[in-house]
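**Q** got a sequence here, can you model it:
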Amino acid sequence: MNREQAYLRMLSSTANMQWNIAIMLEAKAAEAEKLRSWICNHLYSHSFSSQQSQLGQSIQMHEQVIEVIEGITKLNQGMVSILKAVLPDDEEDNGNSGTSFGKSISFGDND
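**A** Numbering: from 1, shown residues only. Presented below is the predicted three-dimensional model:
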């Protein structure tokens, strides 16, 4: 496998990762909406023995949301590193703005 094919595979896998992240976010949004509805309809201040336990329950719910956000952030940072490896820097480009990946690549077409 040559470098161009490897770059294309990296970009394809990055696109697949982004698609999977979008699906996970949709599922988490639906789950969060169900949780919000349940909380609004079932949890009242008199449901807890003290304000401390109410606060603890709220913090636990927020920590779960933060864990999801941190996980997605790490995945996005991984995708950024892939894109940095594939795409040329402006300084390295040196006038090759018309070519893919900063180098001339043949995709099997007779241009």
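**Q** buried sites along stretch 53-70?
**A** Q54 (16 or more other CB atoms under 10 Å). Just so you know, the C-beta spots here come from the backbone N, C-alpha and C atoms, and that holds for glycine as well.
**Q** same for the longest helix seen in the chain, what does it pack against?
**A** Scanning the chain for the longest helix, with DSSP state H as the assignment, gives helix 3-42. Applying 3 or more CB pairs under 8 Å, 6 or more residues apart in numbering; DSSP states H and E, one finds that helix 3-42 contacts helix 51-86.
**Q** could you pull up the mean pLDDT of the helix it packs on?
**A** Helix 51-86 shows an average pLDDT of 85 in the prediction.
**Q** L87: neighbouring residues, count only.
**A** Number of residues near L87 (other CB atoms under 10 Å) recorded here: 14.
**Q** now E63: how far from I69?
**A** According to CB to CB, to the nearest Å, E63 stands 11 Å off from I69.
**Q** just the CA trace of stretch 64-78, in CSV.
**A** Coordinates of each C-alpha in stretch 64-78 appear next as CSV, following Å, rounded to 0.1, in the frame of the first residue of the first chain:
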residue,chain,number,x,y,z
GLN,A,64,-22.2,11.0,33.5
VAL,A,65,-22.8,13.7,31.0
ILE,A,66,-19.3,15.1,31.5
GLU,A,67,-17.8,11.6,30.9
VAL,A,68,-19.7,11.3,27.6
ILE,A,69,-18.4,14.8,26.5
GLU,A,70,-14.8,13.9,27.5
GLY,A,71,-15.0,10.7,25.5
ILE,A,72,-16.2,12.4,22.4
THR,A,73,-13.6,15.1,22.9
LYS,A,74,-10.8,12.4,22.9
LEU,A,75,-12.2,10.9,19.8
ASN,A,76,-12.3,14.2,18.0
GLN,A,77,-8.7,14.9,19.1
GLY,A,78,-7.7,11.6,17.5
